[in-house]
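1. give me a model of this one.
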Amino acid sequence: WLDSVGCTGRESSIGECYHSGLGVHSSTCNHRRAAGVFCLGKISGKVSIKIVNSTNVGGRLVVYYNNTWGTVCDEEWDIKDANVVCRMLGFHHAIDAKSTAFFGEGAGPVWLSNLQCSGNESDISECSHSGWGLQNCGHNRDVGVACTAFPTSISV
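-> Numbers count the residues shown, from 1 in each chain. I've put the predicted structure just below:
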């Protein structure tokens, strides 16, 4: 249906991109030249997180989505992701990104997989992932974090 599509990246839909018109295409356009996309999800808005089965500074990460607490799979999980989580919890940074259910296996849905943060985000809602509930992990791969002992701010 579309040929010669050109987008700037600021469009909210493909219909806002330049194209030669619906159904208008060159003679070289055929199904062998069809384009496709693979999208990584973004967590929309700020999410609630907490650590459970924990010490004061570390534990299994759980996220609240669709009125249900669930876990995060350890695919692509690293210290950059853990740093974002620890800052969200009020700590300065992460000491370690734990995997393979280090703090025990969770229950309920495994909400996130392939979480990919640069480490500079203030919220995991700014990080890419595979999509809510789109994963092939069991709870034996639940992630955890170990954060610095002292929070960035202390309320009295």
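2. which stretches in this protein count as helices?
-> 79-88 (DSSP state H).
3. mind listing what's buried in the longest strand along it?
-> As assigned by DSSP state E, the longest strand anywhere in the chain is strand 58-65. Residues of strand 58-65 classed as buried by neighbour count (16 or more other CB atoms under 10 Å): 58, 59, 60, 61, 62, 63, 65. Yep, even glycine has a C-beta here, placed from its N, CA and C like the rest.
4. now, which of those sits nearest residue 120?
-> Residue 120 lies nearest to residue 61 out of the buried residues of strand 58-65, by CB to CB, at 18.8 Å.
5. show me what contacts the closest one?
-> Shown here is residue 61, whose contacts under the criterion CB atoms under 8 Å, 6 or more residues apart in numbering are 49, 50, 51, 71, 72, 85, 142, 143, 144, 145.
6. out of these, which are inside strands?
-> Going by DSSP E, the strands hold 49, 50, 51, 71, 72, 144, 145 from the contacts of residue 61.
7. in PyMOL, select just the buried ones from the residues you listed.
-> Entered in PyMOL, the line below selects the buried ones among these, by 16+ other CB under 10 Å:
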select buried, resi 49+51+71+72+144+145
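8. mind putting the ones in strands among the contacts of residue 61 into JSON lines with pLDDT and distance to residue 111?
-> Formatted as JSON lines, the ones in strands among the contacts of residue 61 follow (pLDDT from 0 to 100; distance: CB to CB, whole Å):
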{"residue": "49", "pLDDT": "91", "distance to residue 111": "11"}
{"residue": "50", "pLDDT": "90", "distance to residue 111": "13"}
{"residue": "51", "pLDDT": "89", "distance to residue 111": "15"}
{"residue": "71", "pLDDT": "96", "distance to residue 111": "7"}
{"residue": "72", "pLDDT": "96", "distance to residue 111": "7"}
{"residue": "144", "pLDDT": "96", "distance to residue 111": "15"}
{"residue": "145", "pLDDT": "96", "distance to residue 111": "16"}
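9. what bridges to the spatially closest residue to residue 59 that is not a sequence neighbour?
-> Excluding the flanking residues, the one nearest residue 59 by CB to CB, 6 or more residues apart in numbering is residue 51, at 3.4 Å. Applying DSSP bridges to residue 51 gives these bridge partners: residue 61.
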